[in-house]
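Engineer: my questions are about this predicted structure, shown below with the sequence.
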Amino acid sequence: MLTVAEALGIGIMQRARVIAGAGGLDRAIRTITVMDTPDIKNWLRGGELLLSNIFVLKDNPDEQVRLIQDLADRGAAGLGIKLKRYVEFIPARMAELADGLNLPLIEMPVDCAWIDVMVPLYTEIINRQAVRLSRAQEIHDTFTRAALEGRGIQGVLDLLSSLTRARAAVADPEGKILAASPSRSWEEAELKEELGRTAGGEPGAAGGKEDLRVLPVRAGKRLHAYVLLKASGPVGDVESTALEHAVTVLALEMAKPQAVTEVQRRFQNQFLWDLLSRNVTSMEALESRARHAGMNVSSSYVVMVFDIDDFERYCVKVSRDEAAAQEVRERFVQRVRASAAFHVPASLCMDLSDSVTVLVPADSLSRGEINRLAAAIRNEALGTLPGLTVSVGISRPCQGALQLPVAYREARQAVDLGKELKGPGHVTAFGELGSYRVLLMQGNRPEVDSFCREMLGPLLESERRRPGLIQTLDTFFRCNCDPVRCASELFVHPNTVRYRLRKVEALCGVSLDNQEDRFNLQLALKLHRVMRPGSSGASAVLPA
């Protein structure tokens, strides 16, 4: 843009004199106009160098001062006044206000014609605009070639830094540096601070004479990253144009692998769902599809299910924004997939609703290593979930792809029963469920229902009125039938525990001193837990 200071060096303007408002000589001139009406402010759009002989205001000093205020309010570049013909001198109030508002007030040569001012300035403005358009086209062509050549994120960033002579960086939405130019010119802490400042609505100035610009990189509705440009001086039109083109090319660069990944993800999801649901009946078809999915059908696998706890309640009562909730879910899915691929590159993933199923080759992994791997993936995924927990179920190792439906069922049973036994947010291995593994395989539902009613019917009826007896009985069994330990676990007096146990005996018609009665009562409790309608474990007991 042409500034007022630069205009004073062109043509007849060299004979003009700045009377006041010298602090605004860096104002940009976008157009030149002549004042021919008192209400000129209604026609100003900003950036005008207004030329006038003050004829329309010559008899009104107050309106002359108000003109300065109006020009400043409208963002005008300055006011050029031709004296001697109608006004002999600039009023002091007018000059003082111009100084206070940093609005250049210029005395024009008395013998100049306005056309002699306007033509040279317009010529300069148009020439500069042509240069800027040419430069913008050059930048566009440069970044277009970069996109076609597939230079990658680092290549595009190096190009941006070179064109703008500024430091540039690309960061993911969480503030992690993906690329920087010049290399290692950004510290992670500095970058996160700048992103935080921008998110907080603070100005782009980064301190001192540096200027910071931050733009999001989006493909559709998805936010891929942020581009940061930090210049040693003000970021001008050329730098801004380069930054905008860089953002467009980076969006394309980031969308390309994302599109490929999305296709692979859909294929893997469909293949694993067909496999785990027993929809693949032909061994030939299984081997062909497994090769495309990167799976060895003869390997030993462990199935892990990572499940967001109570995600439906989060969507309805906490987030109340379906789009935001699904963005949280997508971040969770992406983090589980990325973490699984990092720890075990040969793993396969299937995401379904708010859970992710991971198939891990287990030929060389011990039980402890499998449990630690599941915990590590879960802990890394928790960083994407605000105030939510993740439960994990792990199957026993199975040999070959044809056994995976059984392993998947075990992992689902483990995650559901783990929530019931331990509460949300735990890792539960099917192989560690003890007698529950046998109970989960029961198939004679009517007989089991009858047994549970006989053993627990009166106790369950009493529980609806005054809860606490079942919890006491369950804790009593877990404490090896020691009422003192049970009282300590429940934070009550041992006599309170003994009173409750006597009430259980009376309701159920059993004696807790009798080993057979204790076994039957404990077995009935476990069956009730895995079978009761609406419980997390209920779906797990359905026959295979």
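Structural biologist: Arrived safely, thanks for sending.

Engineer: which residues does the closest residue to Cys508 other than its chain neighbours contact?
Structural biologist: Ranked by CB to CB, 6 or more residues apart in numbering and with sequence neighbours excluded, the top spatial neighbour of Cys508 is Leu459, at 5.5 Å. C-beta: built from backbone N, CA, C; applies to glycine. By CB atoms under 8 Å, 6 or more residues apart in numbering, Leu459 lies in contact with Leu469, Ile470, Leu473, Val504, Leu507, Cys508.

Engineer: next helix or strand past the strand or helix carrying Leu459?
Structural biologist: Using DSSP states H and E, the element containing Leu459 is helix 445-465. Counting by DSSP H and E, the next helix or strand C-terminal to helix 445-465 is helix 469-478.

Engineer: got the end-to-end distance for stretch 418-427?
Structural biologist: By CA to CA, to the nearest Å, the extent of stretch 418-427 from end to end equals 7 Å.

Engineer: got a list of contacts for it?
Structural biologist: 309-310, 371, 374-375, 378, 389-394, 428, 436, 529-530, 535-537.

Engineer: for the chain, what's the longest helix?
Structural biologist: helix 237-276 (DSSP state H).

Engineer: which secondary structure elements does that one contact?
Structural biologist: With contacts defined as 3 or more CB pairs under 8 Å, 6 or more residues apart in numbering; DSSP states H and E, the packing partners of helix 237-276 are helix 114-149, helix 152-164, strand 210-219, strand 222-231, helix 283-293, strand 348-352, strand 355-361, helix 404-422.

Engineer: where does pLDDT dip in the stretch 51-200 of the chain?
Structural biologist: 197-200 (pLDDT under 70).

Engineer: against Lys503, how distant is the residue nearest to Cys508?
Structural biologist: Per CB to CB, to the nearest Å, Leu459 is found 9 Å from Lys503.

Engineer: again with Asp449
Structural biologist: Applying CB to CB to Asp449 and Lys503 gives a distance of 24 Å.

Engineer: residues shared between the contacts of Leu459 and Lys503?
Structural biologist: Leu469.

Engineer: check contacts around Thr304.
Structural biologist: Residue 304: Met, not Thr. Shown in contact with Met304 (CB under 8 Å, 6+ apart): Thr357, Val358, Leu359, Val360, Ala374, Ile377, Val392, Gly393, Ile394, Ser395, Ala411.

Engineer: ok, back up a step: more neighbours: which of Asp449 and Lys503?
Structural biologist: Lys503 (17 against 13; other CB atoms under 10 Å).

Engineer: what about that one, which helix or strand?
Structural biologist: helix 494-508.

Engineer: what comes up buried for that helix?
Structural biologist: Of the residues in helix 494-508, Thr496, Val497, Arg500, Leu501, Lys503, Val504, Glu505, Leu507, Cys508 count as buried by neighbour count, 16 or more other CB atoms under 10 Å.

Engineer: before we move on, the earlier item: and which of the contacts of Leu459 is nearest to Asp172?
Structural biologist: Ile470 (48.3 Å; CB to CB).

Engineer: and the closest one, how many residues sit next to it?
Structural biologist: 18.

Engineer: now Ile126
Structural biologist: If we define neighbours as other CB under 10 Å, then Ile126 has 10 of them.

Engineer: check the one 5 residues further on too.
Structural biologist: The local packing count at Val131 equals 11, with neighbours defined by other CB under 10 Å.

Engineer: and the one 5 residues further on, by the same measure?
Structural biologist: Burial of Ala136 is recorded as 17 neighbouring residues (other CB under 10 Å).

Engineer: could you measure from it over to Arg213?
Structural biologist: In terms of CB to CB, Ala136 sits 16 Å off from Arg213.

Engineer: ditto for Pro234
Structural biologist: 10 Å.

Engineer: the more surrounded of those two?
Structural biologist: Arg213 (20 against 11).

Engineer: not counting its neighbours along the chain, what's nearest the more buried one?
Structural biologist: Per CB to CB, 6+ apart, closest to Arg213 is Leu229, 4.6 Å.

Engineer: my read is that that neighbour contacts Ala168, right?
Structural biologist: Yes. Leu229 lies in contact with Ala168 (CB atoms under 8 Å); the separation is 5.3 Å.
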